[in-house]
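Participant: this is the structure alone, sequence omitted:
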């Protein structure tokens, strides 16, 4: 119930203040396990991506946020703590379990918000999830989110945020001989190439 309330509220806020729109909504997986990968340029990114879907998705947030009121609220809106940058194997196993149970999980391959809105290199951790998850990896690129609320600003400003969905990432071009961290990084790099190929229309 709390998730549905937050989801409806964000859809209203997105439409009212950010003229939120989704291009190619038919590519958004509304059922079945899927790893959702998006660029990260704004505080608004998780909420905007979630509002793009009709059905609930899962989110990640850094462990330090789970204190006080947020520590109570975040788990109730399907956000769970993670620290992929430090080899958080427990969180990775939880993500894989959620994927295998048929859930959609949102990941930001860059790991942190871009300072200027441009795409950044991906961390190898996303490649591990791709290799082990065995689910479609769906790229979502956000346009306008950085302009509405960059990491350098205390408060958002009105604008237009567009979410463009792309087809599931094709990893067949990655050499079969690659293994371990090299393969994980190659998968992560392929995700960023797929995101870079997505352009806003209209």
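Facilitator: Cool, the structure landed. All of these numbers come straight from a predicted model, not from anything done at the bench.
Participant: my guess is residue 139 is in a helix, correct?
Facilitator: No. Following the definition DSSP: H, G, I helix; E, B strand; the rest coil, residue 139 is strand and is not counted among the residues of a helix.
Participant: what's the neighbour count on it?
Facilitator: Counted by other C-beta atoms under 10 Å, the residues lying close to residue 139 total 26. Backbone N, C-alpha and C define where each C-beta goes, glycine included.
Participant: residue 29 too?
Facilitator: Other residues near residue 29 number 18, with proximity taken as other C-beta under 10 Å.
Participant: need the contact list for it.
Facilitator: With contact set as C-beta atoms under 8 Å, 6 or more residues apart in numbering, residue 29 has these partners: 36, 104, 136, 138.
Participant: which residues of this structure fall in strands?
Facilitator: Defined through DSSP state E, the strands belonging to the chain, from first to last, are 21-23, 34-38, 59-62, 79-82, 104-107, 137-143, 162-165.
Participant: all helices for this protein, in order.
Facilitator: Per DSSP state H, the chain carries helices over the ranges 2-17, 45-52, 68-76, 89-100, 124-133, 145-148, 180-197.
Participant: return the member of those having the minimum mean pLDDT.
Facilitator: Looking over the helices of the chain, mean pLDDT reaches its minimum on helix 124-133, with a mean of 88.
Participant: helices and strands around it, which ones?
Facilitator: Using 3 or more C-beta pairs under 8 Å, 6 or more residues apart in numbering; DSSP states H and E as the contact criterion, the secondary-structure elements in contact with helix 124-133 are strand 34-38, helix 89-100, helix 180-197.
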